[in-house]
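In: predicted coordinates and the sequence they were generated for:
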Amino acid sequence: MNDVIIIGAGPAGLSAAITCANKGLDVLIIDEYLKPGGRLLGQLYEEPDGTWWNGIHESAKLYEESLNKGVQFLMNIPVNNIERIQEDWVIYTEDATFYTRHLLLATGAAESPVPVTGWTLPGVMSVGAAQVMTNVHRVKPGEKGVIIGVNVLSAAIAMELKLAGIDVACLTLPKNNQLTEEAAQPRNVMESLLHVSHMAPSPLVRMGSKFMKNKLMKKLGITFYPKKGVKMWDIPIQLRKAVINIYGNGQVEGVTLATIDTNGEVLKGSEEHIACDFVCIAGGLYPLTELAAVAGCPFYLIEELGGYVPLHNTRMETTVSGLYVAGNITGIEGAKVAVAQGVTAGLSIAKNSGVKDLEYEVKQSIQSIESTRKNAYIQFHPDVAKGKRILQEQWEEYKASAEKLPL
């Protein structure tokens with residue numbers, strides 16, 4: 001039996017493992033991927049001070065430190081099921097069954113698909129898949145691509161593809177339908193895009209975004225938004241055009257674009273074709289929470305956090321004894337926040353395992369999460385702080401209700 005088992009070898013899982021090991025606990029990490037790092041592996045961007053955040057290097061440092069601390073890894077092994085038997089957690093895999101008193105779920109996030117006509121053609125992929133191919137495996141997804149879906153994730157990855165020498169023809173919207181309604185509305189998309197305008201290399205774009213803070217200016221901005229788009233990193237960001245079809249004979253050969261009005265409706269007769277050899281679809285991210293559901297955690301739908309999240313407190317403890325969460329399972333944020341959450345989870349686990357005099361460290365680590373969140377360079381959801389407040393209100397209500405129950 002291990003003191004701690006962590007499911008997920010991303011930034012949250014790795015930092016939690018290091019923290020637990022530093023406190024003398026025996027730690028095992030299980031992950032279904034071939035190498036540790038999670039979504040951190042694909043990240044690459046320039047910081048405000050001119051330095052580069054390289055996810056591969058950051059994950060390698062965390063992994064090496066974990067090994068040096070004696071953390072055990074089981075990679076390329078998916079977890080099939082978990083259950084609690086008396087005071088122990090039982091983790092089932094195809095290779096073996098594992099037991100622990102303290103289980104951390106750091107399972108991360110997955111991409112939401114957005115259906116587009118022709119999306120089953122070879123050469124169509126999620127924007128995250130293109131990121132992994134380019135940044136992790138150093139393989140170009142193609143020579144020229146179109147990204148469907150304009151959001152924080154696709155904007156950041158478009159920049160990364162550009163750095164790899166790939167021609168990104170444009171970022172554009174999906175066709176408006178019941179499934180793509182939010183992602184196909186120019187006003188909604190502009191709102192989200194304003195949160196990455198600070199990353200634009202153009203001073204004009206950065207300055208112009210400051211005038212888009214009030215509703216009138218946003219409305220005018222969409223109404224008079226250039227039909228050819230506004231360029232960021234020399235890539236046209238097209239909020240008044242949408243892909244209505246992906247075409248090709250056996251593989252992607254191009255997309256059909258159409259001009260849309262301010263409500264996202266296609267203007268007939270405005271169709272045009274753009275040749276390309278790959279297409280990325282960006283529907284955003286949502287927390288991977290299946291194992292938390294199996295464990296019996298209550299959930300709440302909090303849009304500001306990306307979807308349904310398991311109820312937990314600031315110490316990363318869930319309502320289920322011995323079960324903890326950290327990283328994107330708690331809401332979609334960047335890798336630095338995930339690392340900070342992992343530290344807090346590790347300290348909470350150590351404290352609950354009997355390690356003495358950790359209360360001050362736990363409180364300091366919670367403050368570190370808040371500080372990291374506040375100063376995050378990329379915010380996947382602009383109202384994430386509001387989402388966290390809603391979550392904590394739900395936690396307080398849950399605990400108050402539990403205390404009223406008869407013994």
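Out: Yep, it's here.
In: then stretch 348-359 to PDB, C-alphas only?
Out: In PDB, the C-alpha atoms belonging to stretch 348-359 read as follows (Å, rounded to 0.1, in the frame of the first residue of the first chain):
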ATOM      1  CA  SER A 348      -3.100  18.800   2.800                       C
ATOM      2  CA  ILE A 349      -2.400  15.100   2.200                       C
ATOM      3  CA  ALA A 350       0.700  15.300   4.400                       C
ATOM      4  CA  LYS A 351      -1.200  17.100   7.200                       C
ATOM      5  CA  ASN A 352      -4.000  14.500   7.100                       C
ATOM      6  CA  SER A 353      -1.400  11.700   7.100                       C
ATOM      7  CA  GLY A 354      -0.200  12.900  10.400                       C
ATOM      8  CA  VAL A 355       2.800  15.100   9.500                       C
ATOM      9  CA  LYS A 356       2.900  17.800  12.200                       C
ATOM     10  CA  ASP A 357       3.200  21.600  12.100                       C
ATOM     11  CA  LEU A 358       2.000  22.100   8.500                       C
ATOM     12  CA  GLU A 359      -1.000  24.500   9.000                       C
END
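In: identify all contacting residues around that stretch.
Out: Here stretch 348-359 makes contact (C-beta atoms under 8 Å, 6 or more residues apart in numbering) with 3-4, 16, 19-20, 23-25, 101-102, 104, 315-317, 322, 324, 347, 362. Using the backbone N, CA and C atoms, a C-beta is placed for each residue, glycine as well.
In: derive a PyMOL selection command for the buried subset of those residues.
Out: In PyMOL, a selection of the buried entries from the contacts of stretch 348-359 looks like this (16 or more other C-beta atoms under 10 Å):
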select buried, resi 3+4+16+19+20+23+25+101+102+104+315+316+317+322+324+347+362
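In: residues contacting the most centrally placed residue in the chain?
Out: Central residue of the chain (C-alpha atoms, centre = their mean): I332, 4.7 Å from the mean position. Shown in contact with I332 (C-beta under 8 Å, 6+ apart): 109, 284-287, 305-306, 380-381, 384.
In: turn the residues you listed into TSV, including pLDDT, neighbour count and secondary structure.
Out: Formatted as TSV, the contacts of I332 follow (pLDDT from 0 to 100; neighbours: other C-beta atoms under 10 Å; DSSP: H, G, I helix; E, B strand; the rest coil):
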residue	pLDDT	neighbour count	secondary structure
A109	95	26	strand
G284	87	22	coil
L285	91	23	strand
Y286	94	17	strand
P287	96	25	strand
L305	94	25	helix
G306	92	22	coil
F380	79	24	coil
H381	80	22	coil
V384	91	21	helix
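In: mind checking how far E304 is from Y99?
Out: 36 Å (C-beta to C-beta, to the nearest Å).
In: ok, these two, which is more surrounded?
Out: Between E304 and Y99, counted using other C-beta atoms under 10 Å, E304 has the larger neighbour count: 18 against 13.
In: just give the nearest non-adjacent residue to the more buried one, would you?
Out: Nearest non-adjacent residue to E304, counting by C-beta to C-beta, 6 or more residues apart in numbering: G387, 3.0 Å away.
In: one more: T372?
Out: Nearest non-adjacent residue to T372, counting by C-beta to C-beta, 6+ apart: A340, 4.6 Å away.
In: any idea of the pLDDT on the one you found?
Out: According to the prediction, A340 has pLDDT 98.
In: what about it, is that helix, strand or coil?
Out: The assignment at A340 comes out as helix when based on DSSP: H, G, I helix; E, B strand; the rest coil.
In: helices or strands next to the helix or strand that contains A385 in the packing?
Out: In the assignment (DSSP states H and E), A385 maps to helix 384-404. Taking 3 or more C-beta pairs under 8 Å, 6 or more residues apart in numbering; DSSP states H and E as contact, the helices and strands that helix 384-404 lies on are strand 299-302, helix 359-374.
In: show me the helices in the chain, by range?
Out: Listed in chain order, the helices of the chain (DSSP state H) span 11-22, 55-68, 127-131, 152-163, 186-193, 203-210, 215-223, 290-295, 335-352, 359-374, 384-404.
In: packed most tightly, which of the ones you listed would that be?
Out: Mean neighbours per residue, mean count of other C-beta atoms under 10 Å, is largest over the helices of the chain for helix 11-22, with a mean of 28.
In: now do it: distance to the chain's middle.
Out: Chain-centre distance of helix 11-22: 19 Å, with C-alpha atoms, centre = their mean, to the nearest Å.
In: now stretch 261-269 - C-alpha only, CSV.
Out: This file holds the C-alpha atoms of stretch 261-269, laid out as CSV (Å, rounded to 0.1, in the frame of the first residue of the first chain):
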residue,chain,number,x,y,z
ASP,A,261,-23.7,39.4,-39.6
THR,A,262,-23.3,40.6,-36.0
ASN,A,263,-25.6,37.8,-34.8
GLY,A,264,-23.6,35.1,-36.5
GLU,A,265,-26.0,34.5,-39.4
VAL,A,266,-24.5,33.6,-42.8
LEU,A,267,-25.0,36.2,-45.6
LYS,A,268,-26.0,34.3,-48.7
GLY,A,269,-23.8,34.7,-51.7
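In: just give the closest residue to I349, not the sequence neighbours.
Out: Closest residue to I349 apart from its sequence neighbours, by C-beta to C-beta, 6+ apart: H102 at 4.8 Å.
In: hang on, I meant I77
Out: T93 (5.1 Å).
In: show me the shaky parts of the stretch 101-250 of the chain.
Out: For the stretch 101-250 of the chain, applying pLDDT under 70 flags the ranges 181, 191-229.
In: list the buried residues of stretch 247-259.
Out: Buried residues in stretch 247-259 (16+ other C-beta under 10 Å): 248, 252-259.
In: just stretch 91-101 next, same as before
Out: By neighbour count on 16+ other C-beta under 10 Å, the buried set for stretch 91-101 is 91, 93, 98, 100-101.
In: tell me the backbone dihedrals of the residue nearest to N76 when sequence neighbours are not counted, please.
Out: Excluding the flanking residues, the one nearest N76 by C-beta to C-beta, 6+ apart is L34, at 5.4 Å. For L34, the backbone dihedrals (degrees, to the nearest 10) come out as phi -70, psi -30.
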